[in-house]
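Colleague: sequence? don't have it. structure:
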């Protein structure tokens, strides 16, 4: 079975082949031209696409449209209240980005006991999971780059 992983984030699409359980070369494509960029990255046909997206509905639909022409099956990752021993603290678990949910699942697989999961992308995210798999909550803030850009926009003397 040939499979590809897709992470449609806030600023770009990341994708990589999954070969025998090992992630291959990761390709990052900006939102502006990711549909065209996929032509140079993906094989003509493959079996399954595993997709995680925190992007807008329009971008997600554009990605799914591009993938339908290339693969037999598309699996969409979704945040769930309980999964594989992880329990999300949010009253509405769907409000937690699937990227953060997957990061916590991955951390729990590799680190026994409590874990602090940090993500730095367009946003800076922190999530705390106790040793029993209970998500104790998290925080989200602009990334350091976005903070600098905002500061420079409001305080022109800083740059």
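Modeller: Received the coordinates, thanks. If you're wondering where the values come from, they're calculated on a predicted model, not measured in any experiment. Numbers count the residues shown, from 1 in each chain.

Colleague: residue ranges with poor pLDDT in the chain?
Modeller: 159 (pLDDT under 70).

Colleague: mind listing the helices for it?
Modeller: Along the chain, the stretches classed as helices by DSSP state H are 34-41, 57-68, 98-110, 144-154.

Colleague: okay, these, which one's buried deepest?
Modeller: helix 98-110 (a mean of 17; mean count of other Cβ atoms under 10 Å). Placement of C-beta: from N, CA and C, glycine included.

Colleague: per-domain residue ranges of this structure.
Modeller: Here the domain assignment for the chain is 3-76, 82-144, based on the TED database.

Colleague: list the contacts of the closest residue in space to residue 124 that isn't next to it in sequence.
Modeller: What sits nearest to residue 124 in space, not counting adjacent residues and going by Cβ to Cβ, 6 or more residues apart in numbering, is residue 141, at 4.8 Å. Residues in contact with residue 141, defined by Cβ atoms under 8 Å, 6 or more residues apart in numbering, are 123-125, 147.

Colleague: if we can go back for a sec, redo the domains of the chain as JSON lines? Include distance to residue 157.
Modeller: Listed next are the domains of the chain as JSON lines, based on distance: least, Cβ to Cβ, whole Å:
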{"stretch": "domain 3-76", "distance to residue 157": "28"}
{"stretch": "domain 82-144", "distance to residue 157": "20"}
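
Colleague: any idea how many residues pack against the spatially closest residue to residue 119 that is not a sequence neighbour?
Modeller: Leaving aside its chain neighbours, residue 119 sits nearest to residue 125 (4.2 Å; criterion: Cβ to Cβ, 6+ apart). Here the count is done by other Cβ atoms under 10 Å, and residue 125 has 20 residues near it.

Colleague: what residues are up against residue 125?
Modeller: Taking Cβ under 8 Å, 6+ apart as the test, what residue 125 contacts is 97, 100, 103, 117-119, 138-141.

Colleague: can you name the residues bridging to residue 74?
Modeller: residue 49 (DSSP bridges).

Colleague: the most centrally placed residue in the chain and residue 23, how far apart?
Modeller: The chain has residue 99 as the residue nearest its centroid, 3.6 Å off, counting by Cα atoms, centre = their mean. Using Cβ to Cβ, to the nearest Å, residue 99 is found at 15 Å from residue 23.
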